[in-house]
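S.K.: give me a 3D structure for the following:
(chains A and B)
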Protein chains: 2
Amino acid sequence: MNIEQIFVGTELLLGNITNTNARFIAEQCVALGLTCVGQTVVGDDESMLRNALSTSLSRSDFVIVTGGMGAADDDITKKTVTDVLNLKLVPDEKLETSVKKYYAGRHIDEPQNARKLYSVPDNCTVMYNENGITPGFIIEKEGKKVILLPGQPVELEGMFHKYVTEYLKSSSPEAIATSTVKICGIGENEVSDKISDLFGKDSNPSVTVCAKTGEVHLHVTAKAPDEKTALKLIKPVIREIKTRFGFDIYTTDDSTTLEKALVDLLVANKMTISTFESCTGGLVAGRISNVPGVSDVFKHGHITYSNSAKMKFLGVKKKALDDHTAVSAEVCEEMVKGALLSGKPDVVVAVTGLAGPDGGTEEKPVGLVYIGCGVKGNITVNEYHFNGDRKKIRESAVAAAITLARKCVLEYISRSTFG
Amino acid sequence: MNIEQIFVGTELLLGNITNTNARFIAEQCVALGLTCVGQTVVGDDESMLRNALSTSLSRSDFVIVTGGMGAADDDITKKTVTDVLNLKLVPDEKLETSVKKYYAGRHIDEPQNARKLYSVPDNCTVMYNENGITPGFIIEKEGKKVILLPGQPVELEGMFHKYVTEYLKSSSPEAIATSTVKICGIGENEVSDKISDLFGKDSNPSVTVCAKTGEVHLHVTAKAPDEKTALKLIKPVIREIKTRFGFDIYTTDDSTTLEKALVDLLVANKMTISTFESCTGGLVAGRISNVPGVSDVFKHGHITYSNSAKMKFLGVKKKALDDHTAVSAEVCEEMVKGALLSGKPDVVVAVTGLAGPDGGTEEKPVGLVYIGCGVKGNITVNEYHFNGDRKKIRESAVAAAITLARKCVLEYISRSTFG
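M.R.: All right, here's what the predicted structure looks like:
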């Protein structure tokens, strides 16, 4: 069963808001086993909406239209969709009562245009709004199904959960299962190469590859007559992916981030971490500390941006800075050593590099970053070359620092467990 | 001149990612005076992309296509667009060199499919990628213009600023002048209310209001037969906006960020700054240190996440923490006082708050944040209530901290200049 989404709102075309409804609806539909084949955004423009709706209806079973459902003059969705489907708008008493009650409860005079909200497409299912006054509708006409929802995310989401999920489920002949595998420290192309034999076009399960800064996410999705069979189809593919990538997989839980994987690992092993950053200027700490409950393992971090701060807070020697410059494996190692002494955390991450745009030389180009990690006295220092602008280099360095910390902690645990 | 956007990527239809590119491109186009008439999202599906492109080309002058531009098997955009436009793909030596250099610099063997990146549509303008290896293209064919961009936001944005803006400007039959006014510390509705008399529907110049976290951007755009006239139209509007918002405007330069405005102010007044963060966990420092050349004013920062770190590094007294908790005006003030002594920076920013999701009480709810700023002994502590999830609360706090630092420095300078 194919589904399409149409979003109505000039504010989307002006870039005033991000279309978060698109992702919400897509996620919900995928979880219900529906194939989303397209999303279209049009302004508050009757003719563009007409065209988009006709195109979508010609190729898809379900069309979800959101936005432009209110009482304002430029809210044209209900009228336009009703016209395209050759239906009539008829008054709905229950809606009228609920709108009047809404205004009375707020001691506001009902605006004149509110009556626009009372009318509903003939023979439809009305979806009453628990988070506002704009209703939604489910319309069936000659085998086609159109679902109209208000554009406000909180209203749309409430209505979706209350009415639409059940409606779509009852209409679906297939079940779907989906699973995510998140990999760090390997590039997108290398990941694709390594699994390209696992999936082809239209294969079931399908695998999609999604590149992020410093990580790659794989989404494995299977369709089957029932959920159990769909899950069964996914299992061997996930198992095979796990064999191929091993510890480079940091999670198979869609909601777990790289920083959460590190924090969970530290919590499970009762280890504390401190960060000492130069070029990343606090972003490693900032990302780690976005994990709720991080305070059990993260007590303090430092941004030793200047050479004098590196000497004062980390005991880096002037000679090391003079001989090798601040961006060197030697200074990075001294940072880790000094950091392991200060406050005695179990794990230390230190970053020093050239984020640019200025300051690069042939020998030490912009993008050169040293990342050091110390786990209870075991020190690793790696050299990285990142490209991109200052922001991109810093983001890459942050991801690499968290990836290295995770790797060093895993190695430490494996050493102390297996000797 | 009409413009349409097409986004290619099954991950968008699966709801795996939010389409932030749509908003970025829309905003950029609006600032250039272009009318966006539609956005379409298709999966990695040749036939859907073909249909979408044909429809868009039939009614719009420019079509911007993003995503599906990489080397993976499911990256079908370049080939499909080239086919629809009846062009050939030809090899590009410069691209081949840059891709080979990219892999060599990372000591990675070039994957076999990378060669897919070398080919370019015949007779197009190649846009080289400074933040990755996937190139973009500008294609003109029989009066239609198609712009192809990679889907990774940082790559797309860099390429847009470097190539696309200038190209769109030069393609317009009318001259477009555009100017941006960036305001901090005032909400979107208040800003809109204050300037609603300055523009109406279809007015020239037009003013669009764009809300960001902790700031509001106004884009003033005028169209005229020539640039001089367009600029002339803009000037009085900008002047009026400046009168209405005064020092809350931190820049009228589109490329200047809030953190750059602060750093520039510090550099101009030869003042140093240090940051001391609890709930923002390094993100204030991280944002400030994204400004190139920040090392002249930013020497070090500290993340005093735990109470013990607040005592050890800032001399916060145990009694203050016991009596008022870490999230209080009293502790925030002690943090600023301690910070002004440590390392003796001219300016200190201290943040302590509850980012949630847990730990809130009726008296101290999640979202409560205290931000303190000290400028050479003058201390200000403000209480804020932010809403949203942990990430949103932290982002809001970071913006508020930088806004407060800017305000306190401006006040200090004005006091020391005018007594």
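
S.K.: just give the nearest non-adjacent residue to A:Asp296, would you?
M.R.: The shortest distance from A:Asp296 to any residue other than its chain neighbours is 5.8 Å, reached at A:Val267 (CB to CB, 6 or more residues apart in numbering or on different chains). Bear in mind the C-beta positions are built from the backbone N, C-alpha and C, glycine included.

S.K.: what's the local residue count around A:Lys376?
M.R.: The number of residues packed near A:Lys376 is 14, by other CB atoms under 10 Å in any protein chain shown.

S.K.: A:Asp346 is in contact with that one, correct?
M.R.: Yes: the pair A:Lys376 and A:Asp346 qualifies as a contact (CB atoms under 8 Å) at a distance of 5.8 Å.

S.K.: what mean pLDDT does the longest helix that chain A contains have?
M.R.: Identified as the longest helix of chain A according to DSSP state H is helix A:390-418. For helix A:390-418, the per-residue pLDDT values average out at 94.

S.K.: how about it against chain B, any contact?
M.R.: Yes: counting by CB under 8 Å from any CB of the partner chain, chain B is contacted by helix A:390-418 at A:390-392, A:394-395.

S.K.: counting neighbours, which of those residues comes out on top?
M.R.: Looking at the residues of helix A:390-418 next to chain B with neighbours defined as other CB under 10 Å, the largest count falls to A:Arg394 at 26 neighbours.

S.K.: show me what contacts that residue?
M.R.: With contacts taken as CB atoms under 8 Å, 6 or more residues apart in numbering or on different chains, A:Arg394 has the following neighbours: A:279-281, A:283, A:355, B:286, B:290.

S.K.: that one and A:Val369, how far apart?
M.R.: Noted for A:Arg394: a distance of 9 Å to A:Val369, by CB to CB, to the nearest Å.

S.K.: now for these two: what residues contact both?
M.R.: Counting by CB under 8 Å, 6+ apart, the residues touching both A:Arg394 and A:Val369 are A:279, A:355.

S.K.: in stretch A:45-60, what's buried?
M.R.: Within stretch A:45-60, the residues that count as buried by 16 or more other CB atoms under 10 Å in any protein chain shown are A:45-46, A:48-53, A:55-57, A:60.

S.K.: narrow those residues to those in helices?
M.R.: In helices, defined here by DSSP H, the members of the buried residues of stretch A:45-60 are A:46, A:48-53, A:55-57.

S.K.: and the residue nearest the centre of chain A, helix, strand or coil?
M.R.: Among the residues of chain A, A:Ser255 comes closest to the average C-alpha position under CA atoms, centre = their mean, at 8.6 Å. Assigned with DSSP: H, G, I helix; E, B strand; the rest coil, A:Ser255 falls in the coil class.

S.K.: now it: how far from A:Cys184?
M.R.: Spatial separation of A:Ser255 from A:Cys184 under the definition CB to CB is 16 Å.

S.K.: can you show me the helices along the stretch 251-400 of chain A?
M.R.: Defined through DSSP state H, counting those that start in this stretch, the helices belonging to the stretch 251-400 of chain A, from first to last, are A:258-268, A:283-288, A:307-314, A:318-324, A:329-341, A:390-418.

S.K.: quick one: low-confidence ranges for the stretch 201-350 of chain A?
M.R.: A:201 (pLDDT under 70).

S.K.: same thing but 80
M.R.: Per-residue confidence for the stretch 201-350 of chain A (pLDDT under 80) gives these ranges: A:201-202, A:208, A:210-211, A:342-343.

S.K.: who in it is up against chain B?
M.R.: Taking CB under 8 Å from any CB as the criterion, the neighbours of chain B within the stretch 201-350 of chain A are A:208-211, A:213, A:217, A:219, A:221, A:275, A:277, A:280-286, A:288-290, A:292-295, A:298-306, A:308-309, A:312-313, A:343.

S.K.: which of those residues are buried? Put it as a PyMOL command.
M.R.: The following PyMOL line selects those of these that are buried, judged by 16+ other CB under 10 Å:
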select buried, chain A and resi 208+209+210+211+213+217+219+221+275+277+280+281+282+283+284+285+286+288+289+290+294+298+299+300+301+302+303+304+305+306+309+313+343
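
S.K.: and the gap between A:Val331 and chain B?
M.R.: Distance of A:Val331 to chain B, computed by CB to the nearest CB, to the nearest Å: 15 Å.

S.K.: tell me the contacts of the residue nearest to that residue when sequence neighbours are not counted?
M.R.: Leaving aside its sequence neighbours, A:Val331 sits nearest to A:Ala320 (CB to CB, 6+ apart; 5.3 Å). Contacts for A:Ala320 were tallied using CB under 8 Å, 6+ apart; they are A:328, A:330-331, A:334.

S.K.: and the buried residues of stretch A:45-60 near chain B, which?
M.R.: Among the buried residues of stretch A:45-60, the ones lying close to chain B by the criterion of CB under 8 Å from any CB are A:45, A:48, A:52, A:55.

S.K.: OK, contacts around the closest residue to A:Thr35 other than its chain neighbours?
M.R.: Distances taken as CB to CB, 6+ apart place A:Asn2 nearest to A:Thr35, at 5.4 Å, with adjacent residues excluded. Listed by CB under 8 Å, 6+ apart, the contact partners of A:Asn2 are A:34-37, A:59-62.

S.K.: return the member of the residues you listed nearest to chain B.
M.R.: Of all the contacts of A:Asn2, the one sitting nearest chain B is A:Cys36; the distance, using CB to the nearest CB, is 4.0 Å.

S.K.: tell me the secondary structure at the closest one.
M.R.: Under three-state DSSP, A:Cys36 falls in the strand class.

S.K.: what's the burial count for it?
M.R.: Neighbour count for A:Cys36, taken as other CB under 10 Å: 26.

S.K.: what does the closest residue in space to it that isn't next to it in sequence show for phi and psi?
M.R.: Counting by CB to CB, 6+ apart, B:Leu13 is the residue found nearest to A:Cys36 once chain neighbours are left out, at 4.0 Å. Note on B:Leu13: backbone dihedrals following degrees, to the nearest 10 are phi -80, psi -20.

S.K.: residues contacting B:Leu13?
M.R.: B:Leu13 is in contact with A:26, A:36-39, B:41-43, counting by CB under 8 Å, 6+ apart.

S.K.: most neighbours, which of those residues?
M.R.: Counting neighbours by other CB under 10 Å, B:Val42 leads the contacts of B:Leu13 with 31 neighbours.

S.K.: residues touching the residue nearest to it when sequence neighbours are not counted, list them.
M.R.: Counting by CB to CB, 6+ apart, B:Val42 lies nearest to B:Met48, which is 4.0 Å off, once chain neighbours are set aside. Going by CB under 8 Å, 6+ apart, B:Met48 touches A:37-38, B:42.

S.K.: out of the contacts of A:Arg394, which is nearest to A:Pro225?
M.R.: For A:Pro225, the nearest member of those is A:Leu283. The distance, counting by CB to CB, is 47.6 Å.

S.K.: I'd say A:Ser342 and A:Leu314 touch.
M.R.: Yes: between A:Ser342 and A:Leu314 there is a contact at 6.9 Å, judged by CB under 8 Å.

S.K.: which of the two has more neighbours?
M.R.: The residue with more neighbours, out of A:Ser342 and A:Leu314, is A:Leu314; 22 against 16, by other CB under 10 Å.

S.K.: picking that back up, can you list the buried residues in the longest helix of chain A?
M.R.: Residues of helix A:390-418 classed as buried by neighbour count (16+ other CB under 10 Å): A:390, A:392-410, A:412.
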